[in-house]
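Participant: predicted model and sequence below, questions to follow.
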Amino acid sequence: MKTIWAKSALLPSGWASDVRVDIDVDGRISAVQSDAAAAGTTTDMLLPSPVNVHSHAFQRAMAGLTERRGPNPSDSFWTWRQLMFRFLDRLNPDHVQAITAFVQMEMLEAGYATNAEFHYLHHQPGGVPYDNIAEMSSRVAAAASQTGIGLCLLPVHYQFGGCDGRALTDGQIRFGNDLEQFQTLHDGAIASLSSLPTDTKHGVAPHSLRAVGVETLKSYATLFPTGPIHMHLAEQVLEVDEVQAYWDARPVEWALDNMGLDARWCLIHGTQMTPSETVRLAQSGAVAGLCPITESSLGDGIFDAVRWLDTNGKIAIGSDSNVRIALSEELRTLEYSQRLRDGTRAALATSELSTGHRLFEEILRGGAQAAQRQTGRLEAGHWADMMALDTDNEHMWGRSGDTALDAWIFAGDDRLVRDVWSAGRHMVTGGEHVARKAIIAAYKRTIDDLKEAL
Ligand code: ZN
């Protein structure tokens with residue numbers, strides 16, 4: 001059993017002072033008490049730690065390499081994807097494990113307690129499965145074992161190169177599985193999680209409407225009857241055009257009418273939706289997995305968070321391409337995108353909650369739903385997923401409650417995150433992951449190894 005004490009903490013009932021949190025041996029919160037005497041590990045400001053709902057860990061190793069214009073004057077997502085495919089030809093399981101550990105370490109240091117990994121790099125270069133078809137999944141699990149992050153593994157089903165069912169290109173061949181092979185891989189991936197702690201979860205991820213056949217997509221929720229289902233949806237204009245051309249409906253329309261979207265689903269991006277699609281999808285109960293930094297990096301467009309939240313839609317945050325892993329910056333970017341589009345201020349605040357408080361509460365709730373993890377609340381029975389902010393610094397000085405949270409998000413950054421616990425595992429202390437040195441050394445060796453690919 002562990003005890004954490006905080007000068008202030010965000011409880012389900014609101015801000016409280018002198019809060020004591022007890023954690024049981026399994027990593028769940030066993031008791032929360034305010035106005036308590038200091039005991040155990042003492043911190044300044046304690047918050048629940050959110051889930052990072054969308055990540056492709058290996059893409060982190062491409063950061064910094066994709067900022068030049070290609071031969072195509074309107075350089076776009078599609079040229080970025082070309083580089084990704086070239087890079088993919090080199091990655092081996094050791095590389096993937098080292099990059100994933102680095103990514104998970106950065107997530108923890110940013111304040112996330114959980115990594116929902118949308119894992120689609122499965123096979124050897126050329127597309128032949130490894131002897132263990134779930135080898136790459138087992139490497140993601142090994143990384144989680146080293147970093148102590150809460151893992152929600154989402155093996156990705158990627159079968160076709162487009163809506164017409166065309167074959168995968170060379171660059172996509174390492175992702176590819178037909179349904180039968182994918183089911184084998186999915187079972188293997190789940191088996192590879194057996195040595196991880198009991199907070200570990202798994203779900204499934206049809207990559208996108210382009211990548212899985214129509215009939216399979218229609219029966220996805222029945223084929224995989226439990227656990228979360230995540231899918232990219234309505235990210236790029238070209239994708240909308242392609243779905244419309246082949247299936248005579250826009251992606252969100254088609255998914256709503258054919259896939260039985262509900263609270264099990266987390267749809268990633270939604271940056272290309274009409275106002276009526278935004279309302280209908282929000283009403284389905286599915287979570288919108290937003291990745292504001294990556295969506296900015298790729299020029300995807302702006303998610304209509306004002307309309308979505310007005311319709312009681314649920315949101316969560318993901319770091320997606322992992323070009324930069326920064327929780328406070330994701331929230332700031334999301335809010336600023338709305339202000340820039342609408343010419344407003346405090347776009348996502350409510351009459352009761354400040355912008356920062358509203359956003360933080362929303363992503364805690366949406367992240368818990370999207371990962372089907374009992375998290376997001378400092379409350380007995382929930383996993384002890386928590387982060388402590390340093391309020392003694394100049395950015396947060398003189399602020400408390402909502403204004404302190406706003407100061408962290410809008411004036412400060414993730415350097416103010418001092419401690420992070422994932423299901424009670426105290427993985428970040430003094431702002432640094434406990435295995436930082438070894439993880440960085442392995443990551444640097446990997447980058448050296450991959451250099452000639454790029
Ligand atoms: Zn993605």
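Facilitator: Okay, I see it. Numbers count the residues shown, from 1 in each chain.

Participant: and the next helix or strand past the lowest-mean-pLDDT helix or strand in the chain?
Facilitator: Lowest on mean pLDDT, DSSP states H and E among the helices and strands of the chain sits helix 77-88, with a mean of 74. Downstream of helix 77-88, the first helix or strand assigned by DSSP states H and E is helix 93-110.

Participant: thinking again about what came up before, buried stuff in the least confident helix or strand of the chain?
Facilitator: Going by neighbour count (16 or more other Cβ atoms under 10 Å), the buried part of helix 77-88 is 79-80, 83-84, 87-88. (C-beta placed from N, C-alpha, C; glycine too.)

Participant: ok, and what's touching that helix?
Facilitator: 58-59, 61-62, 65-66, 70, 72, 121, 125, 169-172, 174, 236, 238, 298-300, 450, 453-454 (Cβ atoms under 8 Å, 6 or more residues apart in numbering).

Participant: now a PyMOL select for only the buried ones of these.
Facilitator: To isolate the buried members of these in PyMOL, using 16+ other Cβ under 10 Å:
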select buried, resi 58+59+61+62+66+121+171+172+174+236+298+300+450
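
Participant: so which of the contacts of helix 77-88 sit within helices?
Facilitator: Using DSSP state H, 238, 298, 450 are the members of the contacts of helix 77-88 that sit in helices.

Participant: nearest to residue 202 among those?
Facilitator: Of all the ones in helices among the contacts of helix 77-88, residue 298 has the smallest distance to residue 202: 27.2 Å, by Cβ to Cβ.

Participant: was I right about that closest one contacting residue 292?
Facilitator: No: counting by Cβ atoms under 8 Å, residue 298 stays clear of residue 292, with 11.1 Å between them.

Participant: pLDDT below threshold where in the stretch 251-400 of the chain?
Facilitator: The model of the stretch 251-400 of the chain has no residue with pLDDT under 70.

Participant: which residues in it form strands?
Facilitator: Using DSSP state E, counting those that start in this stretch, the strands of the stretch 251-400 of the chain run over residues 265-269, 287-290, 314-317, 386-389.

Participant: export those strands as CSV, with columns for mean neighbour count and distance to residue 223.
Facilitator: Shown next, in CSV, are the strands of the stretch 251-400 of the chain (neighbours: other Cβ atoms under 10 Å; distance: least, Cβ to Cβ, whole Å):
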stretch, mean neighbour count, distance to residue 223
strand 265-269, 27, 14
strand 287-290, 29, 20
strand 314-317, 26, 24
strand 386-389, 27, 36
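
Participant: okay if I get these as JSON lines plus distance to residue 371?
Facilitator: Below are the strands of the stretch 251-400 of the chain laid out as JSON lines (distance: least, Cβ to Cβ, whole Å):
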{"stretch": "strand 265-269", "distance to residue 371": "8"}
{"stretch": "strand 287-290", "distance to residue 371": "9"}
{"stretch": "strand 314-317", "distance to residue 371": "8"}
{"stretch": "strand 386-389", "distance to residue 371": "16"}
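
Participant: any idea how far residue 163 is from residue 169?
Facilitator: From residue 163 over to residue 169 the distance is 15 Å, taken as Cβ to Cβ, to the nearest Å.

Participant: hang on, the earlier thing: CA-only coordinates of the least confident helix or strand of the chain in PDB, if you can.
Facilitator: The C-alpha coordinates for helix 77-88 follow below in PDB (Å, rounded to 0.1, in the frame of the first residue of the first chain):
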ATOM      1  CA  PHE A  77      -0.100  14.300 -46.100                       C
ATOM      2  CA  TRP A  78       0.500  12.100 -49.000                       C
ATOM      3  CA  THR A  79       4.200  13.000 -49.400                       C
ATOM      4  CA  TRP A  80       4.600  12.500 -45.700                       C
ATOM      5  CA  ARG A  81       3.200   9.100 -46.100                       C
ATOM      6  CA  GLN A  82       5.800   8.300 -48.800                       C
ATOM      7  CA  LEU A  83       8.600   8.900 -46.400                       C
ATOM      8  CA  MET A  84       6.900   6.800 -43.800                       C
ATOM      9  CA  PHE A  85       6.700   3.900 -46.200                       C
ATOM     10  CA  ARG A  86      10.500   4.200 -47.000                       C
ATOM     11  CA  PHE A  87      11.300   4.300 -43.300                       C
ATOM     12  CA  LEU A  88       9.200   1.300 -42.600                       C
END
